[in-house]
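Visitor: heads up, no residue letters with this:
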């Protein structure tokens, strides 16, 4: 009878890991690997990166998953290399070549067309995307050779910065709203230049206020022991630092955690100047209690509450 190695039971782990996703990995595969390394019970990522893309992939564990939606809604920043002259089925290096055209494009021509892709623009989502039609992702239709009509969607390109051009490779920095497809942006730029294009590389550098410089690779994470891995986790409220804080007494904290709306103006609690989303703490020990909406007249409406961390 062979001895089977007994797996350690998963444990509650709470916090945020900033991962530098390697090329060739899906976001979900990278999440599963990190979750196993941390022996975590619950985890989720905050928006996918295509397998060919690399860079910042924030992973949320335990109570931090309650706030992952904030990063899904946040602006993203990328550096991308656009390969002019070649179009592919997927708009990136993973697809089959559709067309090859000569590239007779100058830097001046490139700079002249970039403004038309800045600001509020419309994008047609690519067929090779996870958007669903009749409950099935578009990429499944695409793999079956079926092309469906897609409506153009509004997105915002806050920054489209020329970095370098060594024909046929054009490097750009892009800061954009949620829902923006950089592959589509690259293809549209190629179309505007008359030579077609696909993405040769894509690296995400920012998600909201989180930055690539604070990331760890899967290889580095694997080389650490369990305590060192856990030490890399940012606290749950790392996702909420852009919101003002409200401090509550023990009694108000108890009522807040019961889901009660609180009239803080009557309680003489120091309030932020502006109404809107806030992060809420117990004043006595600085424990995060959750997020809330601060409304007119000092009303605090609980939003997402922390259990125990």
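Guide: Noted; the coordinates are in hand. Given the structure is predicted, the values throughout are model-derived calculations rather than measurements. Residues are numbered from 1 along each chain as shown.

Visitor: what's the closest non-adjacent residue to residue 177?
Guide: Nearest residue to residue 177, sequence neighbours excluded (CB to CB, 6 or more residues apart in numbering): residue 156, at 4.1 Å. Yep, even glycine has a C-beta here, placed from its N, CA and C like the rest.

Visitor: Looking at the one you found now. What's its pLDDT?
Guide: pLDDT recorded at residue 156 is 97.

Visitor: That one: which element?
Guide: Using DSSP states H and E, the element containing residue 156 is strand 153-166.

Visitor: who's in contact with that strand?
Guide: 75, 77, 79, 107, 110-111, 114-115, 117-125, 170-177, 179-180, 185 (CB atoms under 8 Å, 6 or more residues apart in numbering).

Visitor: Quick one, which of those residues are buried?
Guide: With burial judged by 16 or more other CB atoms under 10 Å, the buried subset of those is 75, 77, 79, 110, 114, 117, 121, 123, 125, 170-172, 174-176, 179-180, 185.

Visitor: From those, which land in strands?
Guide: Within those, residues falling in strands by DSSP state E are 77, 79, 121, 123, 170-172, 174-176.

Visitor: Can you add pLDDT and distance to residue 27 and give these back as CSV?
Guide: Below are those laid out as CSV (pLDDT from 0 to 100; distance: CB to CB, whole Å):
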residue, pLDDT, distance to residue 27
77, 97, 17
79, 98, 18
121, 96, 25
123, 95, 21
170, 98, 26
171, 98, 24
172, 98, 22
174, 98, 19
175, 98, 20
176, 97, 18
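
Visitor: Nearest to residue 235 among these?
Guide: residue 77 (23.2 Å; CB to CB).

Visitor: does the closest one really touch residue 180, like I thought?
Guide: No. Using CB atoms under 8 Å as the test, residue 77 is too far from residue 180 to be in contact (10.8 Å).

Visitor: Which neighbours do those two have in common?
Guide: With CB under 8 Å, 6+ apart, residue 77 and residue 180 have common neighbours residue 174.

Visitor: pLDDT score assigned to residue 3?
Guide: For residue 3, pLDDT reads 53.

Visitor: same check, this time on residue 137
Guide: According to the model, residue 137 scores 78 on pLDDT.

Visitor: and residue 300, what is it in contact with?
Guide: Applying CB under 8 Å, 6+ apart, the residues near residue 300 are 246, 256, 261-264, 278, 280, 292-294.
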